[in-house]
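1. coords below, sequence missing:
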């Protein structure tokens, strides 16, 4: 199970004093660079520590985001595909310690200081980094195409252990260092902190999308969606997709389901036979999918998914289809209430109790056209901080709230492209938004997709794939994009700072 490979290293590592000085400098830049500082920070006037491209502006190869994480010392860790020749274009990149593992290549794990402005190390691995998390001990867990799951030491210089399940695509880590992985073939595997396999389970669901793990409840969680059948309102039979979350014991992952949420058969979601209403039939015909799971820093289990329209299962309790979510379904404006919609994709995110699956709260999020008709917004990453604020990223079609008034560090954001890579930060009670921002540069073209997000003690990092011209800050590692797909990083200070 455990493989140790001798890494090839180059030099330079920043001292703790230098890292602290860089953070203070970045905060100074954040304040000084904002010509619109008279605007208070608010939902559409975002404050960021840095916003930067990551892949070098001279390379024509595509970059791709796999994951991003905030480590226990505030370090920002990015994983993805960065062309080898690209990083040389960063300020000071030639002085950064570089390591090659698994024969090196375009797969990259980049460690940056807490400001995201100073690279600490670049570790090249032998395939695309498909997902990445950082544990409370600082160890880095990554899914690497063609090489399975690897666990690196906190300096990203050596492999602590690995499992060569080549098609591993999602990873998660518990506070004690136990790891759960998901492979393309829908196999879930669990490891103890030393890399010993604790158990595995093969799922038969149509789509298994993500995993999470929690020490306190002793549960591991799996999410995805299934293809079902129901009766439509016209009386005909038709397909429906139904999202699910399930919990299993860490020490008995092959055993019985501990609880399940939103895991309904198709028939009760549709109309009565022949069409129309009937007892036991709920007319919740919208396709639903659950894409992402995350253990929040507050101990809650968070999910992010979507519904193709407003009549969806998320307005019901996850274990009681016949009972509405009531005030646990938090609505406060037109962007959290899915009215006046067709079959556009609407985000739903929520918090569940990890031990029981009981719903604490759930919320919708959508964009709206100029005529107020609902429009598509799709999630790709979710995290939550110690106070229960949700941090969400994905892609939004025109328009998120107050899009034409939006600023980042006082700079007016450019017009909405075909799709906005967005950053959302809710209030702790979810009844307002502390940030809802896009990052298109003035005069920018093209679109972007927020792909990953993480937060620790309020410091957050979001990473996006983009072919757009994005708004970068003066302290950015790389201000100019490459000619094709770029990786884009945003580091935000704790809300209120």
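-> Yep, it's here. What you see is a predicted model; the values in this text were computed from it and never measured.
2. shaky segments in this protein?
-> Applying pLDDT under 70 to the chain flags the ranges 1-42, 85-94, 446.
3. Helix or strand: which one has the residue most central in space within the chain?
-> Centroid-nearest residue in the chain: residue 381, 1.7 Å away (criterion: Cα atoms, centre = their mean). For residue 381, the host element (DSSP states H and E) is strand 377-384.
4. mind checking how far residue 257 is from residue 359?
-> 17 Å (Cβ to Cβ, to the nearest Å). Placement of C-beta: from N, CA and C, glycine included.
5. Settle it for me: which of the two has more neighbours?
-> A count of neighbours by other Cβ atoms under 10 Å puts residue 359 above the other of residue 257 and residue 359, at 22 against 12.
6. where do the strands sit along the stretch 251-400 of the chain?
-> 259-261, 288-295, 301-308, 316-317, 320-324, 345-352, 359-365, 367-368, 374-375, 377-384, 390-396 (DSSP state E, counting those that start in this stretch).
7. Out of these, which is closest to residue 211?
-> Judged by Cβ to Cβ, the one of the strands of the stretch 251-400 of the chain that comes nearest to residue 211 is strand 288-295, at 6.5 Å.
8. Provide the strand pairings for the closest one, with the direction of each partner.
-> Strand 288-295 has the following sheet partners, assigned by DSSP bridges: strand 301-308 (antiparallel).
9. Could you report the neighbour count for the closest residue in space to residue 431 that isn't next to it in sequence?
-> Using Cβ to Cβ, 6 or more residues apart in numbering and skipping the chain neighbours, the partner closest in space to residue 431 is residue 332 (5.1 Å). Neighbourhood size, residue 332 [other Cβ under 10 Å]: 14.
10. now the one 10 residues further on
-> Residue 342 is flanked by 10 other residues according to other Cβ under 10 Å.
11. what sits against the nearest residue to it once chain neighbours are set aside?
-> Once flanking residues are discounted, residue 342 sits nearest to residue 309: 6.5 Å by Cβ to Cβ, 6+ apart. Applying Cβ atoms under 8 Å, 6 or more residues apart in numbering to residue 309 gives the contacts 285, 286, 287, 338, 341, 342, 343, 344, 346.
12. do you know how far the first one is from residue 61?
-> In this case it means residue 285. Taking Cβ to Cβ, one finds residue 285 at 43 Å from residue 61.
13. likewise the last one?
-> Using Cβ to Cβ, we find residue 346 at a distance of 35 Å from residue 61.
14. Surely residue 379 is in contact with residue 303?
-> No - the pair residue 379 and residue 303 fails to qualify as a contact (Cβ atoms under 8 Å) at a distance of 9.4 Å.
15. so what sits against both of the two?
-> Joint contacts of residue 379 and residue 303 (Cβ under 8 Å, 6+ apart) are 292, 349.
16. who touches stretch 438-445?
-> 51, 396, 400, 403, 406, 408, 411-417, 420-423, 448, 464, 468-472, 488, 490.
17. before we move on, back to that, among the contacts of residue 309, who's most crowded?
-> Across those, neighbour numbers were computed from other Cβ under 10 Å; residue 346 holds the maximum, 26 neighbours.
18. residue contacts, the spatially closest residue to that one that is not a sequence neighbour?
-> Distance criterion Cβ to Cβ, 6+ apart; nearest residue to residue 346, sequence neighbours excluded, is residue 366 at 4.5 Å. The contact partners of residue 366, taken as Cβ under 8 Å, 6+ apart, are 335, 338, 341, 344, 346, 347, 374, 375, 376, 377.
19. can you list these in a markdown table and add distance to residue 148?
-> What follows is those, written out as a markdown table (distance: Cβ to Cβ, whole Å):
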| residue | distance to residue 148 |
| --- | --- |
| 335 | 40 |
| 338 | 40 |
| 341 | 41 |
| 344 | 37 |
| 346 | 35 |
| 347 | 31 |
| 374 | 41 |
| 375 | 39 |
| 376 | 34 |
| 377 | 33 |
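20. Residue 193: which of the residues you listed is nearest?
-> residue 347 (34.1 Å).
21. Could you give the number of residues near that closest one?
-> Using other Cβ under 10 Å: residue 347 sits among 27 other residues.
22. distance of residue 225 from residue 244?
-> From residue 225 to residue 244 the distance is 7 Å (Cβ to Cβ).
23. Then residue 420?
-> Counting by Cβ to Cβ - residue 420 and residue 244 are separated by 29 Å.
24. The two: which has the busier surroundings?
-> residue 420 (29 against 24).
25. mind listing what the more buried one touches?
-> 395, 396, 397, 400, 403, 438, 439, 440, 447, 448.
26. mind giving me JSON lines with those and columns for neighbour count and distance to residue 214?
-> Listed next are the contacts of residue 420 as JSON lines, based on neighbours: other Cβ atoms under 10 Å; distance: Cβ to Cβ, whole Å:
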{"residue": "395", "neighbour count": "24", "distance to residue 214": "29"}
{"residue": "396", "neighbour count": "29", "distance to residue 214": "30"}
{"residue": "397", "neighbour count": "21", "distance to residue 214": "34"}
{"residue": "400", "neighbour count": "25", "distance to residue 214": "32"}
{"residue": "403", "neighbour count": "22", "distance to residue 214": "37"}
{"residue": "438", "neighbour count": "27", "distance to residue 214": "33"}
{"residue": "439", "neighbour count": "28", "distance to residue 214": "33"}
{"residue": "440", "neighbour count": "26", "distance to residue 214": "37"}
{"residue": "447", "neighbour count": "20", "distance to residue 214": "35"}
{"residue": "448", "neighbour count": "26", "distance to residue 214": "32"}
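27. for residue 404, helix, strand, or coil?
-> helix (DSSP: H, G, I helix; E, B strand; the rest coil).
28. so who does it touch?
-> Residue 404 neighbours (Cβ under 8 Å, 6+ apart): none.
29. Spell out the secondary structure type for the nearest residue to residue 126 once chain neighbours are set aside.
-> Closest residue to residue 126 apart from its sequence neighbours, by Cβ to Cβ, 6+ apart: residue 102 at 3.4 Å. At residue 102 the chain is in coil, as set by three-state DSSP.
30. Could you pull out the buried residues of stretch 279-297?
-> Using 16 or more other Cβ atoms under 10 Å as the test for burial, stretch 279-297 gives 281-297.
31. er, stretch 377-389 I mean
-> 377, 378, 379, 380, 381, 382, 383, 384, 385, 388, 389.
32. Residue 82 and residue 55 touch, don't they?
-> Yes - counting by Cβ under 8 Å, residue 82 touches residue 55, with 5.0 Å between them.
33. Need the overlap of contacts for the two.
-> Joint contacts of residue 82 and residue 55 (Cβ under 8 Å, 6+ apart) are 63, 487.
34. coming back round to it: so what does the strand holding residue 381 touch, helix or strand wise?
-> When contacts are defined as 3 or more Cβ pairs under 8 Å, 6 or more residues apart in numbering; DSSP states H and E, strand 377-384 sits against strand 288-295, strand 301-308, strand 345-352, strand 390-396, strand 448-456.
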